[in-house]
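Trainee: take this sequence and fold it.
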Amino acid sequence: MLSPLARWLFSIAGWRLAGPVPTVPKSIWVVAPHTTNWDFLVGVGARAATRVWIQYLAKSSLFTWYAGWLFRALGGKPVYRDKSNNLVDAIVNVLNENERLHVCIAPEGTRSDVGKLKTGFYYIALKASVPLVLTGFDWPRKLVILSEPIYMTGNYEQDMLPVYQFFSQVHGKKKQWLTDWEKTGIIPVPTTSRSQSV
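Mentor: This next block holds a predicted model:
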């Protein structure tokens, strides 16, 4: 019911989609740069424009009897963790249990400047064998830019190169993780499992 309104508001505000809308049944939508609270509303409009139901994952404790309906209505999906698995593995389990599921992740993790990306999205895609759909919020041109689906191979530097190249072409504010790569060409490689944060 809200999708037609969201599509109309997205369009009337001057925003457009650029790039192919994926047809794969499951994927991780990697969104950057995240610089303002308005990103959420642009994302809701872009989701409506793609006509793909893209969800976000949150810990199950947030889905209480009084607030769970709101989280679900906005695209939230609960993730159930136990002591034997971390958040990455819990999300992989959710993906494996669903025939169709598109999940949005903002790997910068904050609106503030960051020197490196969180890498959970990479390991989720790798372990669940689902592609990444890179999603750039280009504020100067009011474009939400989409990439072709990209599958991970396990070679981190090789797999991440098109991620850096893609976001380097998005106009607007660039955070340190991207400007460092543009200067040096070096992609930081995770060294421990603790770096697999979402």
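Trainee: for this protein, which segments count as helices?
Mentor: With DSSP state H as the definition, the chain shows helices at residue ranges 2-12, 38-50, 68-73, 87-97, 120-128, 156-168, 176-184.
Trainee: distance to Val103 and mean neighbour count added to these, as a markdown table?
Mentor: All C-beta atoms are positioned from the backbone trio N, CA, C, and that covers glycine. Rendered in a markdown table, the data for the helices of the chain read as follows (distance: least, CB to CB, whole Å; neighbours: other CB atoms under 10 Å):
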| stretch | distance to Val103 | mean neighbour count |
| --- | --- | --- |
| helix 2-12 | 18 | 14 |
| helix 38-50 | 12 | 19 |
| helix 68-73 | 14 | 13 |
| helix 87-97 | 7 | 18 |
| helix 120-128 | 8 | 23 |
| helix 156-168 | 16 | 17 |
| helix 176-184 | 21 | 14 |
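Trainee: any idea which of those helices gets closest to Thr23?
Mentor: Distance to Thr23, taken as CB to CB, is lowest for helix 38-50 among these, at 10.8 Å.
Trainee: mean confidence for the closest one?
Mentor: Predicted confidence along helix 38-50 averages 92 (mean pLDDT).
Trainee: relative to helix 2-12, how tilted is that helix?
Mentor: Counting by axes from the mean of the first three to the mean of the last three CA atoms, to 10 degrees, helix 38-50 lies at 110 degrees to helix 2-12.
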